[in-house]
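Trainee: just to be clear, the model below is a prediction. Sequence and coordinates:
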Amino acid sequence: MLKEEVDEEDIAEVIAKWTGIPVAKLMSSEKEKLLHMEDYLKKHVIGQEYAIEVVSDCIRRARSGLAEPGRPLGVFLFLGPTGVGKTELAKRLTEFLFDDQKNLTRIDMSEYTEKHSVSRLIGAPPGYVGYDEGGQLTEAVRRKPYAVILFDEIEKAHPEVCNVLLQLFDDGRLTDGKGKTVDFKNTVIIMTSNIATNIITELESKKNYASEQLQQLVSDELKKYFKPEFLNRIDETIIFKKLGLKEIVSIVDLQLKEVEQRLKERNIGLEVSKEVKDFLAKEGFDITYGARPLKRVIQQKIVNLVSSGIIGGKIKDGDKVQMDLDAKNSVVMKIS
């Protein structure tokens with residue numbers, strides 16, 4: 001139904017599209033929104049309650065004006081095994097704070113292992129190749145000053161690159177190759193790392209371990225890679241827990257809801273039995289890779305069946321699709 005009157009929210013949305021400033025920032029609703037930050041993030045990131053609470057507290061400190069002025073909203077180091085939700089939390093945090101996952105800039109630090117790669121990050125100086133292109137980091141933030149910056153596998157970065165980041169952590173701004181200053185005070189910086197993954201996994205496998213012991217072992221390992229001043233400027237170093245089958249079942253529900261939503265747009269219903277969900281969880285869980293294989297399993301066992309049905313004309317708009325297991329433990333589809 002077409003609205004006859006333009007209200008303040010409509011105006012805020014238009015300005016947000018022009019400026020990149022999130023709608024909530026333009027309205028008084030942000031404070032209320034921040035109080036429910038954990039609720040939103042826990043709906044989308046499973047099994048990492050501690051990480052969510054620590055990140056939320058840090059962001060609220062910054063937004064309330066109690067954090068150091070001029071610095072980024074938060075500087076985090078996410079540690080833990082593959083497939084436990086480190087990148088997913090970065091995505092959902094972007095969505096929560098800045099309304100759209102497009103405000104997430106992801107930088108693979110395996111591409112910054114050489115000393116000269118600093119110029120790729122902040123732009124080459126005058127007279128050098130690439131001067132006109134600008135830096136991958138500085139240009140991204142210049143275009144979208146309200147953003148989450150994700151540095152993947154930070155331990156692979158050259159020490160000179162880390163020195164540039166240290167300046168960013170300290171001052172909340174960087175000078176690019178053209179001599180222009182780029183402001184990072186409305187960004188959240190997240191670094192992920194596989195450092196100490198073996199230590200974390202080994203200790204977590206023991207029934208009785210002290211979290212203080214884990215923190216100390218991880219801290220000792222980090223000092224082998226980074227200077228003390230670099231580590232001291234990180235607001236929170238967060239160790240993500242290993243996921244178990246219980247958490248994977250919950251993630252199955254989340255991912256199936258996304259499939260259901262896409263089908264709903266075509267007026268097609270989807271119902272997946274508990275047996276199928278348990279089967280998907282077991283097939284999609286990997287000790288080494290956590291929940292990472294799960295999306296592929298759901299695509300193979302559920303999405304491929306449905307898409308073939310739609311393309312072949314078996315499934316039409318308005319139909320309801322039911323997924324169950326047969327006697328051979330294979331996923332079968334019924335259409336009504």
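Mentor: Arrived safely, thanks for sending.

Trainee: distance from the chain centre to stretch 153-172, please.
Mentor: 20 Å (C-alpha atoms, centre = their mean, to the nearest Å).

Trainee: list the contacts of it.
Mentor: 70-72, 75, 77, 108-110, 112-115, 117-118, 121-122, 151, 174, 183-185, 189, 191-195, 225-227, 229-230, 233-234 (C-beta atoms under 8 Å, 6 or more residues apart in numbering). C-beta here means a position set from N, CA and C on the backbone, and glycine is covered the same way.

Trainee: okay, now residue 254: neighbour count?
Mentor: 15 (other C-beta atoms under 10 Å).

Trainee: whoops, I mixed them up, residue 173
Mentor: Residue 173 has 17 nearby residues by other C-beta under 10 Å.

Trainee: for it, give me its contacts.
Mentor: Going by C-beta under 8 Å, 6+ apart, the list of residues near residue 173 reads 70, 181-185.

Trainee: what's the closest of the residues you listed to residue 262?
Mentor: Comparing the contacts of residue 173 against residue 262 with C-beta to C-beta picks out residue 184 as the nearest, at 35.5 Å.

Trainee: check what pLDDT that closest one gets.
Mentor: Looking at residue 184, its pLDDT reads 97.

Trainee: count the residues that sit near it.
Mentor: 24.

Trainee: the one 4 residues further on too?
Mentor: Residue 188 has 27 neighbouring residues, counting by other C-beta under 10 Å.

Trainee: so what touches the helix or strand hosting it?
Mentor: Taking DSSP states H and E as the criterion, the element that holds residue 188 is strand 187-193. Residues from elsewhere that reach strand 187-193, judged by C-beta under 8 Å, 6+ apart: 59, 72-79, 86-87, 90, 93-94, 97, 141, 145-155, 165, 168-169, 234.

Trainee: how about it: buried residues?
Mentor: Judged by neighbour count (16 or more other C-beta atoms under 10 Å), strand 187-193 contains these buried residues: 187-193.

Trainee: next: stretch 154-172.
Mentor: 154-158, 161-162, 164-166, 168-169, 171-172.

Trainee: so can I have TSV of the residues you listed showing distance to residue 136, secondary structure and pLDDT?
Mentor: Shown next, in TSV, are those (distance: C-beta to C-beta, whole Å; DSSP: H, G, I helix; E, B strand; the rest coil; pLDDT from 0 to 100):
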residue	distance to residue 136	secondary structure	pLDDT
154	15	helix	97
155	19	helix	97
156	15	helix	96
157	13	coil	97
158	15	coil	96
161	11	helix	96
162	16	helix	96
164	12	helix	95
165	13	helix	96
166	18	helix	96
168	14	helix	95
169	18	helix	96
171	19	helix	92
172	19	coil	95
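
Trainee: closest to residue 259 out of those?
Mentor: residue 154 (33.3 Å).

Trainee: re the thing from before, if you look at the contacts of strand 187-193, which of them are in helices?
Mentor: Among the contacts of strand 187-193, the residues falling in helices (DSSP state H) are 59, 86-87, 90, 93-94, 97, 141, 165, 168-169.
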